[in-house]
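**Student:** Need coordinates for the below:
(chains A and B)
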Amino acid sequence: MKNKRIYLDHNATTPLHPEVIKALIDSMKIYGNPSSMHEEGRLARKAVENSREIIANFIGANSNEIIFMGSGSEANNTVLSMLTCTGRKCFNIYKGPLEIITTTIEHPCILESSKCLTDKGLQVKYLDVDKQGKIDIEQLKEKLTSSTILVSVMMANNEIGTIQDIKSISKIVHDNGSLFHTDAVQAIGKIPVNVRDLDVDFLTLSAHKIYGPKGVGALFVKNGENFCPLIYGGHQEGGRRAGTENTLGIIGFGKAIEMREKEMADEAKRLLNLKSILREGIKKNIKDVNFIGHPVDSIPGTLNVSFWGCEGEAILLYLDLEGIDVSTGSACASGSLDPSHVILATGIDVEYSHGSIRFSLGRDTTKEEIDYTIEVLIRTIEKLRKMSTFC
Amino acid sequence: MADLNWTYTENVKDHFMNPRNILDNLETYEYDGKGLAGNKKCGDEMLLVIKIDKEKQIITDCKWKTFGCASAIASTSKLSEMVIGMKIEDAYKLTPKDITAELGGLPDNKIHCSVLGDKALRTAIDDFYKTHGMKEKVTTEEAVVVCNCMHVTDHDIEEAVLEGARNYQTLQEMTKIGTVCGECKDESIALMNQYIKQYFKK
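**Tutor:** Numbers count the residues shown, from 1 in each chain, chains lettered A, B, ... in the order given. Model (predicted):
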């Protein structure tokens, strides 16, 4: 056990799927520019469009509704930044004061972009979440006005795993005549997602959270919706995202999605079981713990738990020394003054707020690894509590 | 197991993995001085107790408890080793730099952990002075107000520097100093630079 690291940080990133590695190696010699008309170009174009079709099919979209980008963060930035564009084809059709609504637990790329919108004169309203990380539908109804241009709510939270009821939310948003965006980076490939069924206007995807390569993401934009690029300068992606396509990345993304389609359902069952073993193992053996997130509406492999009297970075580093990779929402690990905004948004007791650990399991995680993790965790928490001022 | 470029130095790692002088039970430990620094809300809290040879004015034992990250644990552990056998007046003068130097350095954003250690130590020594009829020796400075408009003290500036303020604009964002009349600007910049030099210049 000691020689192989136990990787329980799949929400941060994932190793490449063996089939993705194979697909990448097989494609290494595809060097043409997908925009070129000659054969090398056409070969690359074919590969890019093949991936686009796989991804579109997987989420119930049309191929021309998928725009490849450099990351999920870029996709999220693109959606928010176009709201203040006053160019000819964008959002100048909306008159008067504009508002957007998002939540307090979004990824920083949404929160920082929102702050930037505030500086540009838009009003941004934030939805609170309850102890389990769910937004309050009634609060959403109250905050929607005729000036609300867009609502952005993440499908599944990266830190605590809570899944929002996107279908109900988008219905309410559309009844109000507003647009709806969801950051589905942590949901895609882990739970079924269909853009038609959910009725979303914009949806963000990323490859590296689902065993695909880093540096490639995508944005679903519903046909007919207003759109304004973040990056200008070329006709790539139908003029919606300039820059020569990351052909290899896109090939890997397509393969990763293809593998998700095959493996997702069985893996979800397996991970839910492993998560339950981890949860019960912690609950049974360690006193004073606080599980953060929703007990049912949660992505299969994510478990966030806080340990009273212990600081998250110290737990993380002890586990690291024992060969286990996890992440924490503690202030010390982030280099900022406060614990994670997500952990704080759940209204957690301050004595628990610095001791949160996120375990995110993945397709290689085994029962043996979970058993060993519980064992290490028991002695780590005992050791830390022995020296803690709390005890 | 490979630990390529571990977050901290070997010395920090050693003290983190094998912390020395942990306080077992405050109730049964007969201390001469007790100091508490930080608070739970901020994610760092240190309790330090010392025993003192009153004849020789030497610290004979030091025990501690810490709620905090790896560098907080390591710096308290190191500090406890450093002060045992030390004269009180020398211990009183220990600075965060002395502690971090012994540890072989800490990343900039972790310096405040070691600051907590020397604060807890001075509070413990002050406690000893106060409870043993030597109140006049207590020299821990009271905070001085620098910005009268926004009531910002030198301690607030020190704190802001430890949390990353390196220029006047950031200092203002963090403390709101000089955002009304602005008369304190020169003095606050001078203080800020003094703290930057004190904690971060090698």
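**Student:** could you measure residue B:6 against residue A:191, distance?
**Tutor:** For residue B:6, the distance to residue A:191 under the criterion C-beta to C-beta, to the nearest Å works out to 36 Å. Yep, even glycine has a C-beta here, placed from its N, CA and C like the rest.
**Student:** Surely residue A:289 is in contact with residue A:307?
**Tutor:** Yes - with contact taken as C-beta atoms under 8 Å, residue A:289 and residue A:307 are classed as touching, separated by 5.6 Å.
**Student:** Same drill for these two, tell me which one is more crowded.
**Tutor:** A direct count of neighbours by other C-beta atoms under 10 Å in any protein chain shown for residue A:289 and residue A:307 places residue A:307 higher, at 25 against 20.
**Student:** list the contacts for that one?
**Tutor:** Residue A:307 makes contact with A:286, A:288, A:289, A:315, A:352, A:355, A:357, A:381, A:384, according to C-beta atoms under 8 Å, 6 or more residues apart in numbering or on different chains.
**Student:** The fourth one looks like it's in a helix, true?
**Tutor:** If I follow you right, that is residue A:315. Yes - checked against DSSP: H, G, I helix; E, B strand; the rest coil, residue A:315 lies within a helix.
**Student:** For it, which non-adjacent residue is closest in space?
**Tutor:** Taking C-beta to C-beta, 6 or more residues apart in numbering or on different chains as the measure, residue A:315 lies nearest to residue A:357, with 5.6 Å between them; neighbours along the chain are not counted.
**Student:** Kindly report the same for the fifth one.
**Tutor:** Nearest residue to residue A:352 in three dimensions, chain neighbours excluded: residue A:306, at 4.2 Å (C-beta to C-beta, 6+ apart).
**Student:** and the chain, what are its domains?
**Tutor:** Defaulting to chain A. Under the assignment automatic domain parsing, the domains of chain A span A:6-14+A:264-386, A:18-259.
**Student:** Can you look at chain B instead?
**Tutor:** Each domain of chain B is listed here as a residue range: B:10-137, B:145-200, per automatic domain parsing.
**Student:** between the ones you listed, which gets nearest to residue A:85?
**Tutor:** If you check each of the domains of chain B against residue A:85 by C-beta to C-beta, domain B:145-200 wins as the nearest, at 28.5 Å.
**Student:** any idea which helix or strand comes after the biggest helix by length in chain B?
**Tutor:** Scanning chain B for the longest helix, with DSSP state H as the assignment, gives helix B:111-131. Secondary structure here is assigned by DSSP states H and E; on that basis, the next helix or strand after helix B:111-131 toward the C-terminus is strand B:145-147.
**Student:** partners of whichever helix or strand comes after that next one in the sheet?
**Tutor:** Past strand B:145-147, heading to the C-terminal end, the next element that is a helix or strand (DSSP H and E) is strand B:152-153. Each strand that pairs with strand B:152-153, with its direction, by DSSP bridges: strand B:145-147 (antiparallel).
**Student:** Would you tell me whether stretch A:11-22 gets close to chain B?
**Tutor:** No - judged by C-beta under 8 Å from any C-beta of the partner chain, stretch A:11-22 and chain B are separated, with a smallest distance of 15.9 Å.
**Student:** And that stretch, what's buried?
**Tutor:** Neighbour-count burial for stretch A:11-22, with 16 or more other C-beta atoms under 10 Å in any protein chain shown as criterion, is recorded at A:11, A:14, A:16, A:17, A:19, A:20.
**Student:** Mind picking the two most distant members of these?
**Tutor:** Using C-beta to C-beta, the pair of the buried residues of stretch A:11-22 lying farthest apart is A:11 and A:19, separated by 21.4 Å.
**Student:** Low-confidence ranges, chain B, go.
**Tutor:** Judged against pLDDT under 70, the low-scoring parts of chain B cover residues B:1-5, B:141, B:202.
**Student:** Contact residues of chain A facing chain B?
**Tutor:** A:2-3, A:5, A:309-314, A:317, A:321, A:323, A:330-333, A:335, A:337, A:339, A:350-351, A:353-354, A:386-391.
**Student:** and if we set it to 6 Å?
**Tutor:** Where chain A comes near chain B, counting by C-beta under 6 Å from any C-beta of the partner chain, the residues are A:311, A:313-314, A:317, A:323, A:331-332, A:335, A:337, A:350-351, A:354, A:387-390.
**Student:** can you pull the buried residues of stretch A:110-130?
**Tutor:** When burial is assessed from 16+ other C-beta under 10 Å, stretch A:110-130 yields the following buried residues: A:110, A:111, A:113, A:114, A:117, A:122, A:124, A:125, A:126, A:127, A:129.
**Student:** Leaving out the residues flanking it, which one is nearest to the first one?
**Tutor:** Distance criterion C-beta to C-beta, 6+ apart; nearest residue to residue A:110, sequence neighbours excluded, is residue A:76 at 5.2 Å.
**Student:** Need the residues that contact the helix or strand where that neighbour lies.
**Tutor:** Secondary-structure assignment from DSSP H and E places residue A:76 in helix A:72-81. Outside of helix A:72-81, the residues within contact range by C-beta atoms under 6 Å, 6 or more residues apart in numbering or on different chains are A:69, A:109-110, A:113, A:181, A:183, A:185, A:202, A:204, A:206, A:217, A:219, A:230.
**Student:** any idea which of those is closest to chain B?
**Tutor:** For chain B, the closest of the contacts of helix A:72-81 turns out to be residue A:113, at 19.7 Å, with distances computed as C-beta to the nearest C-beta.
**Student:** what's the span of stretch B:93-104, first residue to last?
**Tutor:** Terminal residues of stretch B:93-104 are spaced 20 Å apart (C-alpha to C-alpha, to the nearest Å).
**Student:** go on, stretch A:184-197?
**Tutor:** According to C-alpha to C-alpha, stretch A:184-197 extends 14 Å from its N-terminal end residue to its C-terminal end residue.
**Student:** Pipe the contacts of residue A:307 into a markdown table and attach pLDDT, distance to residue B:175 and secondary structure per row.
**Tutor:** Formatted as a markdown table, the contacts of residue A:307 follow (pLDDT from 0 to 100; distance: C-beta to C-beta, whole Å; DSSP: H, G, I helix; E, B strand; the rest coil):
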| residue | pLDDT | distance to residue B:175 | secondary structure |
| --- | --- | --- | --- |
| A:286 | 98 | 40 | coil |
| A:288 | 97 | 36 | coil |
| A:289 | 97 | 37 | strand |
| A:315 | 96 | 32 | helix |
| A:352 | 92 | 29 | coil |
| A:355 | 94 | 28 | coil |
| A:357 | 97 | 33 | strand |
| A:381 | 98 | 37 | helix |
| A:384 | 96 | 33 | helix |
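**Student:** Please identify which of those is nearest to residue A:85.
**Tutor:** Nearest to residue A:85, judged by C-beta to C-beta, of these is residue A:357 at 41.1 Å.
**Student:** Report the buried residues of the helix or strand where residue A:260 lies.
**Tutor:** For residue A:260, the enclosing helix or strand under DSSP H and E is helix A:247-285. For helix A:247-285, the buried set under the neighbour-count rule, 16+ other C-beta under 10 Å, comprises A:247-260, A:263-264, A:267-268, A:270-271, A:274-275, A:278-279, A:281-282.
**Student:** Fine by me, thanks again.
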